[in-house]
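Undergrad: Need coordinates for the following:
(chains A and B)
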Amino acid sequence: MHPWPVKYLFAQLVSSLGRESARLELKWMKQALSPSDPPSAIHAMLDRRLRGEPLQYVLGTTPFGPLNLLTRPPTLIPRPETEDWALRVANTHSPSEGSPVSLLDLCTGSGCIPLLLCHLWPPGSTRAFGVDISPEAIRLATDNAARCNIETHITSNLRNVFTPVLGDLHDPDLIHLLEPPFDVVTSNPPYIPKREYDELPPSVKDYEDPRALLGDPPESEHRDGLTFYHTIASFIARKGILSDRAIVVLEVGHGQAEAVESILHHTARLRNTEIWSDPWKKKRVVVARV
Amino acid sequence: MSYPEDIARARQIKDLEPLHEAWTSWVKTKESLLDTLPLLKDPDVTMRSLAKDEFTALKDSLSTYISTTFPSLLVPPSQTQTFSALLELKAGVGGSEATLFLADLMRVYTRYANSRAWRADVIQSSEVMGGGMRDAIIEIKGEGAYDVLRWETGVHRVQRVPATEASGRVHTSTVAIIVLPLSEEAEPSGDDCLFKMEDVRIEVMRARGAGGQHVNKTESAVRLTHTPTGVTVSMQDERSQHQNKRRAFQVLRARLMDLKFTKDIADRRATRQNLVRTADRSEKIRTYNYAQDRVTDHRIGLSLMNLQSFMEGSGMQEFLDAMKRNWEQEVMEEVVNEGNLRR
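TA: Residues are numbered from 1 along each chain as shown, chains lettered A, B, ... in the order given. Below is the predicted model:
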């Protein structure tokens, strides 16, 4: 038997989250349990949550548009801001079997962005690659593809395909694992500057992979969180990466949109750019068209 | 392939079916009656008596056509006959006892829906300590659910000794219910005749600070405001903002459609002395008296004993049928009166 009754753990959750949120979270935990789980499972969940673990890791899944994706520490939990712009990309493009698109998602993490597009776009219209440096992320993205019933290798022209690729953006040989040119390049690269990273809430800093959050690796010359945008801009500037109708969609941190826009202008020589705001009115995405 | 005009025609044929059926069998019955007339004078006694029985039976069924079947055809086919329903429940007076009764009523409607093979989903609820609910929205999916359940709109009053009451005093508390029409035909978030997208303000609730990678808190609450009418809908029960938005649009659409129906009826009443009364939402429609083991509907003065069977969902049908008959009668009277006025 667990020493604390659920009622007591719930009261603790109320005092840390407020009644309304605690009530909803308890309800979602109960929904996430399966009938075969032992009665102690709800205690274990409440316990993990009370220690500060993100709800999405405790529940093991997170909704992302119409999808319900797996979440596993330490891979970055898909955010609602990302969900919002990925849905917007899905709605503003309409590839078809006759006019398919090739898609590249850099720093793919859970695979949420390409999986959503593969799910929403018609069968046989989308060939996607997702690159990540973390083996855990690639495993999770592969598991998520299976969960969403998206192929990871071409078996038929009637299916959309998403291939997770373990690789480093700096590696000149990465290109050989992909099939350029790409019509759509998306990315939610790590963008948090070190000084902000140090101030992050524990549920982010103590549980999610710093490699998915920290914009500037320790050896980088930058301190503004923008290292990855420079790397991505140089990568897509290489000949043959972008098709002649390509669109590039990059998520950015608060206050970074204009700087990223200018990196795309100068390094990637993409002049046609715009900025999208998220539902909370923050400038969240820089979009560039060839 | 089916074309829109085919669908419209098929619907028209289906609407006319009861009329056609009634007329055909009326004509047939009348012919049989005429056929029995000569046999009434048959020399054979047995034959005469058989014919007499037959004559009585046919005469009775012709009277039924005149008194019941034909008038019921005056009731125009419902425009909402395919609609599902949303039930909005709100605890009224009576404190925690009202919230407990609300939870009881939710079970009643869920059981009733199941008995009709309709799907019932609680899409919004706010539980309070002690097992009660402050408010709830139940989606009841099934063809005709709205037409059947719409009579439940109004204030439901309970008189009983609360489980929480030590002194054994009888309390009176209330729960207000509104039944909304839910049409599956339209895209929940698309434009149509009910509202324009540009008139709907979509707000995500609560600030997220820097947002994005900085925050991994679940924040899925959504609020819609329809500016021309001021109708607002908040949804937060789903983990997904996307889902909450879809649900909120569904509820908004149902509330606006309900407003439109109410307005249509008011307009008709203004132009043509309408006899059919609309339920006043603040009107007390039903009392559940536990001490007397009785449920009473105040609109039609119908009382049913055995409250327990009602709460288990089986007594509900009797009230709903009575309300439907009552409504049809009012509509018939209206049609007849209109005819008189015109003359």
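Undergrad: Is any residue of stretch A:4-14 near chain B?
TA: No - using CB under 8 Å from any CB of the partner chain, we find that stretch A:4-14 stays clear of chain B, coming within 9.9 Å at best. To be clear about C-beta, it is placed using only N, CA and C from the backbone, and glycine gets the same treatment.
Undergrad: list the buried ones in that stretch?
TA: By 16 or more other CB atoms under 10 Å in any protein chain shown, the buried positions in stretch A:4-14 come out as A:9-10, A:13-14.
Undergrad: show me the contacts for the residue nearest to residue B:144 when sequence neighbours are not counted.
TA: Residue nearest to residue B:144 in three dimensions, not counting chain neighbours: residue B:81, with 5.9 Å by CB to CB, 6 or more residues apart in numbering or on different chains. Residue B:81 is in contact with B:143-144, B:147, counting by CB atoms under 8 Å, 6 or more residues apart in numbering or on different chains.
Undergrad: Who wins on neighbours among those residues?
TA: Counting neighbours by other CB atoms under 10 Å in any protein chain shown, residue B:147 comes out on top of the contacts of residue B:81 with 19 neighbours.
Undergrad: Tell me how many other residues crowd residue B:170.
TA: Counted with other CB under 10 Å, residues neighbouring residue B:170 total 13.
Undergrad: From chain A, how far off is it?
TA: To chain A, residue B:170 is 30 Å away according to CB to the nearest CB, to the nearest Å.
Undergrad: ok, that residue touching residue B:159?
TA: Yes - the pair residue B:170 / residue B:159 is scored as a contact, 5.7 Å apart, by CB atoms under 8 Å.
Undergrad: got any residues that touch both of these two?
TA: Residues touching both residue B:170 and residue B:159 (CB under 8 Å, 6+ apart) are B:290-291.
Undergrad: List the strands paired with the one helix or strand residue B:172 maps to, with their directions.
TA: Following DSSP states H and E, the helix or strand that holds residue B:172 is strand B:171-182. Taking DSSP bridges as the criterion, strand B:171-182 forms sheet pairs with strand B:84-91 (antiparallel), strand B:154-160 (antiparallel).
Undergrad: Can you dump the C-alpha atoms of it in CSV for me?
TA: Only the C-alpha atoms of strand B:171-182 are listed here, as CSV (Å, rounded to 0.1, in the frame of the first residue of the first chain):
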residue,chain,number,x,y,z
HIS,B,171,-34.0,20.9,1.4
THR,B,172,-35.2,22.5,-1.8
SER,B,173,-32.6,23.0,-4.5
THR,B,174,-32.6,23.6,-8.3
VAL,B,175,-30.6,22.8,-11.4
ALA,B,176,-31.2,24.8,-14.6
ILE,B,177,-31.0,22.9,-17.9
ILE,B,178,-30.8,24.2,-21.4
VAL,B,179,-30.9,21.8,-24.4
LEU,B,180,-29.2,23.1,-27.5
PRO,B,181,-29.4,21.9,-31.1
LEU,B,182,-26.3,20.2,-32.5
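Undergrad: quick one, which of the strands paired with strand B:171-182 is packed in tightest?
TA: Most buried of these by mean neighbour count (mean count of other CB atoms under 10 Å in any protein chain shown) is strand B:84-91; its value is a mean of 23.
Undergrad: Format the CA atom coordinates belonging to that one as PDB.
TA: Only the C-alpha atoms of strand B:84-91 are listed here, as PDB (Å, rounded to 0.1, in the frame of the first residue of the first chain):
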ATOM      1  CA  SER B  84     -28.000  15.700 -31.900                       C
ATOM      2  CA  ALA B  85     -28.200  17.700 -28.600                       C
ATOM      3  CA  LEU B  86     -26.000  19.500 -26.100                       C
ATOM      4  CA  LEU B  87     -27.300  19.600 -22.500                       C
ATOM      5  CA  GLU B  88     -26.000  22.500 -20.400                       C
ATOM      6  CA  LEU B  89     -26.600  22.000 -16.700                       C
ATOM      7  CA  LYS B  90     -26.000  24.600 -14.000                       C
ATOM      8  CA  ALA B  91     -26.500  24.300 -10.300                       C
END
